[in-house]
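> output the structure for:
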Amino acid sequence: MAATSSIEWTEATWNPVTGCDKVSPGCAHCYAETFAERFRGVPGHPYEHGFDLMLRPERLELPLRWKQPKMIFVNSMSDLFHEAVPLAFIQSVFATMRRADWHQFQVLTKRSARLRELAPRLDWPDNVWMGVSVENQRWTRRVDDLRAVPAAIRFLSVEPLLGPLCLDLRGIDWVIVGGESGPGARPMRADWATSVRDQCIAAGVAFFFKQWGAHDEAGVRRGKKAAGRVLGGAVWDELPRRVAR
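Next up, the predicted model:
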């Protein structure tokens, strides 16, 4: 049975790697780390070692057992392009994604330089979407790395959005925007989110507004559920045109 997901823009998660390290401001309040560290030291638990990076070869073929087509977020609990993940293991993940061609796989990384470096040595089937995280203007260079990758669909995860963004959306198919939730969450200003939306509309790029996060549109802390997903009076659930359904 697939690991169903409550993440608004996907349907299931697959974690052949778990654990990671912080690399930029968007990592400060990592939900995956918070979850995994709760179980550090619990004998036999999948996160007995907390958020230490671990390869999970026994999970490599899991998507082949899931016969119902799904959108699958790859490594919601890690980063496939972490420096400690060997190229051979990444290639094995890509081999599974090619074999499981009835699914759509969404791979997301903050390590765009390594992604760009390894991309020529990976097999890129059409059902693999490749994305990078961009939390503020400093990290827009990740978009340039993504543009160099021969993925069928390229996307940006602008979450948590921590400042205003001016994006070059050439070669980008999809943009997800979201605010931060959980303890210590930093508020997202409404004009930051609407600016990214407007840039997507102007460029003809699909736009998905995931959430306001812990703070609502006015910057008042209300909790994720109460703050909701409405931006400018509408819910934005667009998908890349080639896979819209």
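> please compute how far the host helix or strand of Ala202 lies from its chain's middle.
Here Ala202, judged by DSSP states H and E, is contained in helix 190-203. Computed by CA atoms, centre = their mean, to the nearest Å, the chain-centroid distance of helix 190-203 equals 19 Å.
> and the residue in the chain sticking out farthest from the centre, how far from Met97?
Using CA atoms, centre = their mean, the residue of the chain lying farthest from its centre is Pro43. It sits 29.5 Å away. Look at Pro43 and Met97: by CB to CB, to the nearest Å, they are 33 Å apart. Heads up, the C-betas are built off the backbone N, CA and C, glycines and all.
> where along the chain do the strands fall?
Under the criterion DSSP state E, the chain contains strands at 3-4, 12-14, 17-18, 54-55, 71-74, 104-109, 128-133, 153-158, 174-178, 206-211, 230-231, 234-235.
> find the nearest non-adjacent residue to the most centrally placed residue in the chain, please.
In the chain, the residue lying closest to the centroid (CA atoms, centre = their mean) is Leu108, at 4.2 Å. Excluding its sequence neighbours, the residue lying closest to Leu108 (CB to CB, 6 or more residues apart in numbering) is Gly131, at 4.5 Å.
> pretty sure that neighbour sits against Gln106.
Yes. Assessed by CB atoms under 8 Å, Gly131 is found in contact with Gln106 at 6.6 Å.
> what sits in contact with each of those two?
With contacts defined as CB atoms under 8 Å, 6 or more residues apart in numbering, the residues adjacent to both Gly131 and Gln106 are Phe155.
> pLDDT weak spots in this protein?
For the chain, the stretches with pLDDT under 70 are 1-2, 242-245.
> Pro120: neighbour count?
A count of neighbours around Pro120, defined by other CB atoms under 10 Å, yields 10.
> can you check Val158 too?
Val158, neighbours per other CB under 10 Å, totals 30.
> is it bridged to anything, and to what?
Under DSSP bridges, the beta-bridge partners of Val158 are Val177.
> quick one: contacts for it?
133-135, 165, 175-178, 196.
> before we move on, the earlier item: for the helix holding Ala202, packing partners?
When contacts are defined as 3 or more CB pairs under 8 Å, 6 or more residues apart in numbering; DSSP states H and E, helix 190-203 packs onto strand 174-178, strand 206-211, strand 230-231.
> make a markdown table out of those strands and add mean neighbour count and distance to Val158.
A markdown table is the format used below for those (neighbours: other CB atoms under 10 Å; distance: least, CB to CB, whole Å):
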| stretch | mean neighbour count | distance to Val158 |
| --- | --- | --- |
| strand 174-178 | 25 | 5 |
| strand 206-211 | 22 | 9 |
| strand 230-231 | 16 | 12 |
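> tell me how far Cys200 lies from Asp123.
The spacing between Cys200 and Asp123, counted by CB to CB, is 30 Å.
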